[in-house]
Every structure is written in C-alpha cells, then in structure tokens.
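>>> dropping the sequence and predicted coords here.
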Amino acid sequence: MPRAWRIHDYSGYRGLELGEVPLEEPGPGEVRLRVEAFALNWGDMDLMKDNYSFSFPRLPARVGIEAAGVVDAVGPNTEGFAIGERVSTLPYFYYDRGASTESLVIDARYVTKAVPNLSAVENASIWMQYLTAYFPLAEVTKVGPGSHVLVTAATSTAGAASLEIGRILGATMIGTTRFEENADYLRKMGADHVIVTGKADLAGRIREITGGKGVDMAFDPVGAGLIAQYSPALARNACIYFYGTLDTVWPELPFVDMFQKNAVFHPYSVFNYVEDPAMLAKGEAFIYGMLSEGRIRPQIDRVYPMEKYVEAFDYLRQPRTTHGKVVIETGL
C-alpha cells in the first residue's frame with residue numbers, strides 16, 4: 001500500500017501523520033501517478049490551519065499542490081496519457097487529493113508532460129511559481145519594453161519567477177527584499193534594480209528608477225506592510241496584483257494614490273486562470289518552451305526524504321539565506 005502524509009485536524013503542519021492508505025483507482029477522465037517528488041508551498045501551511053481560500057470537505061486529508069511522477073494507471077475515457085509516461089501536475093484546488101503521497105489520482109486536466117531535460121525534483125517545482133507569475137505579466141497587463149514592474153518579496157519562488165519572465169518580456173524589473181545579502185540573487189534572477197525595504201524610501205527610489213513615471217504594475221504577496229509605501233509611486237493606469245498576505249494583515253487600500261493615478265487593485269489567484277482552457281494553454285506553451293530552451297529553470301533550495309516532511313516545513317518557514325523550492329523525494 002502507498003504511504004501518504006495526512007492532517008486529521010486544523011492544528012497546522014505539526015499535526016501531519018505518515019501512514020499507509022488504500023491504492024485508489026482512477027475514474028473517468030483521471031490518471032494515477034507513482035509520485036517521485038512533491039513540492040512545498042506557503043499556502044499549504046495556511047490550509048492546514050483553515051486560513052486558505054478553500055477548506056477540506058472532510059478529514060483526514062492530504063496536502064500539497066505540486067507533484068511529478070510516472071503514470072501507472074489511466075481511467076476510462078481518458079486521452080492523451082500513457083502508462084509509463086513522465087508527467088507533472090498543474091495548480092489545482094486539490095481538496096482531499098493533495099500531492100503528499102506516493103500514489104496520486106488526479107483529473108487529467110491538471111496533468112502535463114514532464115519537461116525532458118529536468119529531474120523529477122525540478123518537474124515538481126515548475127507550474128505553481130511560473131504560472132502564478134505568467135498570467136499578470138504576459139496576459140492581463142502584458143508588460144514589455146518600456147514597462148516598469150515592482151516585485152515585492154522577490155526572493156519568493158513566484159517573485160523570482162516573475163523576475164525571470166519579466167526579463168524575457170523586456171520589462172524593467174524592480175525587486176524588493178528585506179535583506180541586502182539577497183541582492184545578488186535577485187539580479188541573477190532578472191532584477192534590473194533591487195531595493196532593500198526598511199533602508200530606503202521605497203516610493204522615492206521607484207520614482208528615481210523610473211524617471212518619475214512610477215511602476216506600471218506591482219506584483220505583491222506581502223499585505224499591509226508595503227502597499228502604502230510604494231503606492232505614491234504608481235504610474236498612471238497601474239495595476240496592483242495582490243496574491244498573498246505574508247505579513248498576515250489585509251491591506252487598507254491607498255485610495256488617494258489610486259484615484260490620482262487611475263490605478264486598479266486586483267486580488268489575484270492563479271487558479272482562476274488555470275480553469276480557463278485558453279489561458280492555461282498559453283501559459284503552458286510559454287513556460288514549457290522557455291524551460292525546454294533553458295531560458296528559465298526552477299531553483300531548488302533543499303530536498304528532503306519522504307519521512308522528513310514535517311522537518312521540511314520547519315525549514316520552509318524560517319528565514320533562509322538560500323532560495324528556491326523545498327521538495328520531498330518519495331524514493332520510488
């Protein structure tokens with residue numbers, strides 16, 4: 001029987017338990033994966049405390065949204081996948097079918113071909129970060145040469161992915177970090193300018209960098225802590241994509257700055273675009289192409305064995321001097 005990590009209540013990741021579970025058979029439109037690796041995400045920790053945008057319909061339940069592995073069963077009326085094929089999962093609301101397991105049954109809509117030149121660990125680390133960054137930059141606001149983009153908490157995986165994609169699209173990318181020692185990493189990932197928050201006048205530096213114009217787009221997972229600091233430096237018709245609350249406080253909108261610049265505050269979730277087949281196809285094609293050409297590549301910080309999932313969350317939540325995805329290998 002396969003093993004899985006499951007929560008039995010909303011006490012957080014320290015309540016996770018590893019145990020054997022029945023082998024599930026795929027139904028119509030589904031495939032089953034022999035999971036080789038699965039990645040951790042910040043949202044998993046919120047979900048395990050019932051602080052996410054969905055809750056589990058029942059407990060116990062598995063967590064995790066990104067996996068890579070090999071197809072070992074295909075359900076009835078499921079096309080496009082063959083047994084033995086290497087694949088990875090796309091972002092999906094997983095409810096009680098999280099990726100923290102050795103065997104995963106999943107709707108085939110949320111499965112895509114593995115990138116051949118990447119390992120299982122890397123293939124488990126692609127789609128959440130790159131699709132989260134892709135849609136605002138390439139499809140909704142469509143930045144390019146002449147655009148200025150502010151990325152707050154830019155050392156996060158989605159933040160770093162946005163720097164990579166923005167650089168490819170030709171935009172001028174401005175990344176923020178709390179620590180000076182992160183500056184070289186952010187420049188390597190694609191930041192043209194790095195601002196250390198708490199040590200600089202954020203709006204003033206943005207005006208200086210942009211020649212007084214301001215930023216056309218902000219990609220912000222922080223919350224209340226930063227938005228009022230950069231909002232005086234929004235460009236006309238700017239859009240703030242707000243996709244998280246790292247400081248755990250919902251922001252109060254800077255209405256005066258937004259009125260003056262005709263700016264838009266856009267609560268953003270990648271799941272809304274994954275559920276749009278046309279949008280998803282564009283995102284998959286772009287990211288798959290960039291990965292295949294080696295123009296982007298997921299950064300892996302640390303890999304843990306299956307038995308050390310809780311320790312991996314301990315590591316994820318502490319301040320880090322290295323950056324990238326934290327991933328579990330099942331050993332299969």
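Done, it's in. Numbering: from 1, shown residues only.
>>> burial count for D96?
Neighbourhood size, D96 [other CB atoms under 10 Å]: 13. (Glycine included, C-beta is placed from N, CA and C.)
>>> now do the contacts for it.
56-58, 61-62 (CB atoms under 8 Å, 6 or more residues apart in numbering).
>>> rerun that using 6 Å as the cut-off
If a contact means CB atoms under 6 Å, 6 or more residues apart in numbering, then D96 has 56, 61 as its contacts.
>>> so what's L234 up against?
For L234, the contact set (CB under 6 Å, 6+ apart) comprises 214, 261, 263.
>>> helices - which of these land there?
Counting by DSSP state H, those place K261 in helices.
>>> looking at the contacts of L234, which one is closest to D9?
If you rank the contacts of L234 by distance to D9 using CB to CB, A263 comes first, at 41.5 Å.
>>> so who does that closest one touch?
Counting by CB under 6 Å, 6+ apart, A263 makes contact with 234, 238.
>>> at 10 Å instead, please
By CB atoms under 10 Å, 6 or more residues apart in numbering, A263 lies in contact with 214-216, 218, 231, 234-240, 253-255, 257.
>>> by neighbour count, which of those wins?
If you count neighbours using other CB under 10 Å, the busiest of the contacts of A263 is A218, which has 30 neighbours.
>>> quick one: which of the contacts of A263 is nearest to G146?
Within the contacts of A263, the smallest distance to G146 is 8.6 Å, found for D216 (CB to CB).
>>> next, that closest one: secondary structure please.
Under DSSP: H, G, I helix; E, B strand; the rest coil, the three-state class of D216 is strand.
>>> then A285?
Assignment for A285 (three-state DSSP): helix.
>>> so how many other residues sit close to it?
Here the number of neighbours of A285 (other CB under 10 Å) works out to 10.
>>> which pLDDT value goes with it?
The score at A285 is 97. That number is its pLDDT.
>>> report the separation between it and V115.
Per CB to CB, to the nearest Å, A285 is found 13 Å from V115.
>>> F93 too?
Between F93 and V115 the distance, using CB to CB, works out to 24 Å.
>>> between those two, who's got more neighbours?
When neighbours are counted by other CB under 10 Å, F93 and V115 differ, and V115 comes out ahead with 20 against 14.
>>> surely the more buried one and S88 touch.
Yes - V115 lies in contact with S88 (CB atoms under 10 Å); the separation is 7.9 Å.
>>> between the two, what contacts are shared?
Between them, V115 and S88 share these contacting residues under CB under 10 Å, 6+ apart: 68, 122-123, 126.
>>> okay if I get the residues you listed as TSV plus secondary structure and distance to G289?
Rendered in TSV, the data for the shared contacts of V115 and S88 read as follows (DSSP: H, G, I helix; E, B strand; the rest coil; distance: CB to CB, whole Å):
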residue	secondary structure	distance to G289
A68	strand	19
E122	helix	16
N123	helix	15
I126	coil	13
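>>> thought P2 was touching P22?
Yes - taking contacts as CB under 10 Å, P2 lies within contact range of P22: 8.4 Å.
>>> okay, and the common contacts of the two?
Taking CB under 10 Å, 6+ apart as the criterion, P2 and P22 both touch S103.
>>> who has more neighbours, those two?
Each of P2 and P22 has its neighbours counted (other CB under 10 Å); P2 has more, 16 against 9.
>>> and the more buried one, how far is that from R32?
Here P2 is placed at a distance of 10 Å from R32 (CB to CB).
>>> do the same with H8
Applying CB to CB, the value for H8 to R32 is 24 Å.
>>> who's more crowded, these two?
A count of neighbours by other CB under 10 Å puts R32 above the other of H8 and R32, at 21 against 11.
>>> name the nearest residue to that one, sequence neighbours excluded.
In space, and not counting its chain neighbours, R32 is closest to A73: 3.9 Å by CB to CB, 6 or more residues apart in numbering.
>>> P116 and R86 touch, don't they?
Yes - assessed by CB under 10 Å, P116 is found in contact with R86 at 8.1 Å.
>>> neighbour-wise, which of the two wins?
Taking P116 and R86 together and counting by other CB under 10 Å, R86 has the greater number of neighbours (17 against 9).
>>> which one is that one nearest to, not counting chain neighbours?
Counting by CB to CB, 6+ apart, R86 lies nearest to A114, which is 3.9 Å off, once chain neighbours are set aside.
>>> burial count for that neighbour?
Residue neighbour count, defined by other CB under 10 Å, stands at 21 for A114.
>>> quick one, what contacts K113?
Residues near K113 by CB under 10 Å, 6+ apart: 80-81, 85-88, 123, 284, 288.
>>> M279 too?
With contact taken as CB under 10 Å, 6+ apart, M279 is in contact with 131, 134-135, 139-140, 272-273.
>>> ok, back up a step: where do the contact lists of P2 and R32 overlap?
Jointly contacting P2 and R32 under the rule CB under 10 Å, 6+ apart are 23-24, 103-104.
>>> same list (the residues you listed) but as a markdown table, adding pLDDT and distance to Y268.
Putting the shared contacts of P2 and R32 into a markdown table (pLDDT from 0 to 100; distance: CB to CB, whole Å) gives the following:
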| residue | pLDDT | distance to Y268 |
| --- | --- | --- |
| L23 | 96 | 37 |
| E24 | 95 | 33 |
| S103 | 97 | 33 |
| L104 | 97 | 27 |
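>>> with that, I have no additional questions.
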